[in-house]
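A.B. asks: Curious how this folds, go ahead:
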Amino acid sequence: MKNILEKLYKYNDLSPEELLEIITYFNYSDPERLFFYAQRTREKVYGKKVYMRGLIEFSNYCKQNCLYCGLRRENKNVERYRLSLEEIMECCQEGYQLGYRTFVLQSGEDIFYDDDKICRIIKAIREKFSDVAITLSIGEREKKSYRKYFEAGADRYLLRHETASEDLYKKFHPTMNIVSRQNCLQELKEIGFQTGAGFMVGLPGQRDENLVEDLLFLKRLQPHMVGIGPFIPHGETPLGCEVGGTVAKTLIMLALTRLLLPNVLLPATTAMGTLDPIGREKALKAGANVVMPNLSPISVREKYEIYQGKICTGDESAHCRSCIETRIHQAGFEVDLSRGDHITIGGKQ
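C.D. replies: As a prediction, the model looks like this:
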């Protein structure tokens, strides 16, 4: 295993067989050496910087019906909400005063926000806060829509591929198509977005071979950002009684992603902190370098419930920033409130 790890660290690539071997091995062995190489790789590119993004969850309506998501269309027990432009701008104003220079606008696939409304939001933020990076995470749209958002001033787009396994994708996304999903990611890159993909760890029926598929897909796509989190069951979904994913397995996938894509921006997700009180710190020590404190109004945070038990639903934005900054410092890292662009986009930080 030592030789395979050294090869991965040196060349940032492995064969499918080698990736499967390494995942299987660390299912039962201490991954400390893997994390060591992942940390060294991140530090060569980004040092010990951890980039802060201000997250604004502006709508929990969704037209899709994914089997694992609490926002799914058929969940009638969700108290739905939409933020107005004025409310979104208030979140941005508060975030800007707190020092954030990246805003992540996230929602379900809510067609109420058509192209005109999305462009109006982007332009309003760009006009008032000219030095920030604007990230969208609003699901699948047509290429012409993506182009409008880019031309309006959006910089980044997050669209997790969820799983690269065609069988698993079809099983858990009855209203969606894996080819369409992957085509959207290619289109976003072609337009010029800093593009984010990502997947879940621990989906029911997911095998290590499927995780290898995810890693190989990312290697081909070469995204600028990758979001990886454990599957956490939601009681109001068809998968509510299933066993969830684990922090331990997710950490292995984070480390492998860092080693395969050295320059990638890799979040330590809230889901990790939900399953483990120090889950985000563990993610940082496995190669992650981004955290996304919540800027959404406290009144709606509990309503954006993709999975149950999500942390930080009641903290004020200032408290949220202070708390997570302290934890980042205690874990041995440096907080960076700049735009935090991908290294090939924004130049060396």
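A.B. asks: going forward, measure contacts and count neighbours with C-alpha atoms only.
C.D. replies: Will do.
A.B. asks: contacting residues for the closest residue in space to residue 173 that isn't next to it in sequence?
C.D. replies: Spatial nearest neighbour of residue 173, chain neighbours left out: residue 66 (4.7 Å); criterion: C-alpha to C-alpha, 6 or more residues apart in numbering. Shown in contact with residue 66 (C-alpha atoms under 8 Å, 6 or more residues apart in numbering): 72, 172-175.
A.B. asks: Now with 10 Å, please.
C.D. replies: If a contact means C-alpha atoms under 10 Å, 6 or more residues apart in numbering, then residue 66 has 72-74, 169-176, 237-239 as its contacts.
A.B. asks: Widest-spaced pair of the residues you listed?
C.D. replies: Greatest spatial distance in those: 74 and 169, 18.5 Å, computed using C-alpha to C-alpha.
A.B. asks: any idea which helix or strand of the protein has the worst average confidence?
C.D. replies: Here the helix or strand of the chain ranked lowest by mean pLDDT, DSSP states H and E is helix 343-346, holding a mean of 69.
A.B. asks: got the residue ranges for the strands in the stretch 1-150 of the chain?
C.D. replies: 49-52, 54-59, 102-107, 133-137 (DSSP state E, counting those that start in this stretch).
A.B. asks: Quick check: phi and psi at residue 182.
C.D. replies: The phi and psi values for residue 182, taken as degrees, to the nearest 10, are phi -70, psi -30.
A.B. asks: For residue 217, see how far away it is.
C.D. replies: Distance from residue 182 to residue 217, counting by C-alpha to C-alpha, to the nearest Å: 9 Å.
A.B. asks: With residue 286 as the reference, name the closest of the strands of the stretch 1-150 of the chain.
C.D. replies: Closest of those to residue 286 is strand 49-52, at 12.7 Å (criterion: C-alpha to C-alpha).
A.B. asks: Contacts for that closest one next, please.
C.D. replies: 42-43, 99-103, 265-268, 284, 288-293, 321, 324-325, 328-329, 332-341, 349.
A.B. asks: Which of those residues fall in helices?
C.D. replies: Among these, the members falling in helices (DSSP state H) are 42-43, 284, 321, 324-325, 328-329.
A.B. asks: Report the secondary structure element holding the residue nearest the centre of the chain.
C.D. replies: Per C-alpha atoms, centre = their mean, the C-alpha nearest to the average position across the chain is that of residue 227, at 3.0 Å. Element membership of residue 227 [criterion: DSSP states H and E] is strand 225-230.
A.B. asks: other SSEs contacting that strand?
C.D. replies: strand 156-158, strand 194-201, helix 247-260, helix 270-275 (3 or more C-alpha pairs under 10 Å, 6 or more residues apart in numbering; DSSP states H and E).
A.B. asks: Just give me the neighbour total for residue 117.
C.D. replies: Close neighbours of residue 117, defined as other C-alpha atoms under 10 Å, add up to 12.
A.B. asks: That one contacts residue 110, doesn't it?
C.D. replies: No. Between residue 117 and residue 110 there is no contact under C-alpha atoms under 10 Å: 11.4 Å.
A.B. asks: Look up how far residue 286 lies from the closest residue in space to residue 27 that isn't next to it in sequence.
C.D. replies: Nearest non-adjacent residue to residue 27, counting by C-alpha to C-alpha, 6+ apart: residue 249, 7.3 Å away. Separation of residue 249 from residue 286 (C-alpha to C-alpha) stands at 11 Å.
A.B. asks: Which one of these two is surrounded by more residues?
C.D. replies: Using other C-alpha under 10 Å as the criterion, residue 249 and residue 286 rank with residue 286 on top: 29 against 17.
A.B. asks: Show the pLDDT at that one.
C.D. replies: If you check residue 286, the pLDDT there is 98.
A.B. asks: Looking at the nearest residue to it once chain neighbours are set aside now. What's its pLDDT?
C.D. replies: Distances taken as C-alpha to C-alpha, 6+ apart place residue 35 nearest to residue 286, at 4.7 Å, with adjacent residues excluded. pLDDT, residue 35: 98.
A.B. asks: my read: residue 35 touches residue 251, true?
C.D. replies: Yes. Between residue 35 and residue 251 there is a contact under C-alpha under 10 Å: 8.4 Å.
A.B. asks: Those two: which has the busier surroundings?
C.D. replies: Neighbours were counted for residue 35 and for residue 251 using other C-alpha under 10 Å; residue 251 has more, 29 against 24.
A.B. asks: if I read this right, that one contacts residue 228, doesn't it?
C.D. replies: Yes. In terms of C-alpha under 10 Å, residue 251 counts as a neighbour of residue 228; the distance is 9.0 Å.
A.B. asks: residue contacts, the residue nearest to residue 286?
C.D. replies: So residue 35 contacts 41, 251-252, 254-256, 258-259, 282-287 (C-alpha under 10 Å, 6+ apart).
A.B. asks: Return a PyMOL selection command for the buried portion of those residues.
C.D. replies: Selecting only the buried entries of the contacts of residue 35 in PyMOL, with 16 or more other C-alpha atoms under 10 Å as the criterion:
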select buried, resi 41+251+252+254+255+256+258+259+282+283+284+285+286+287
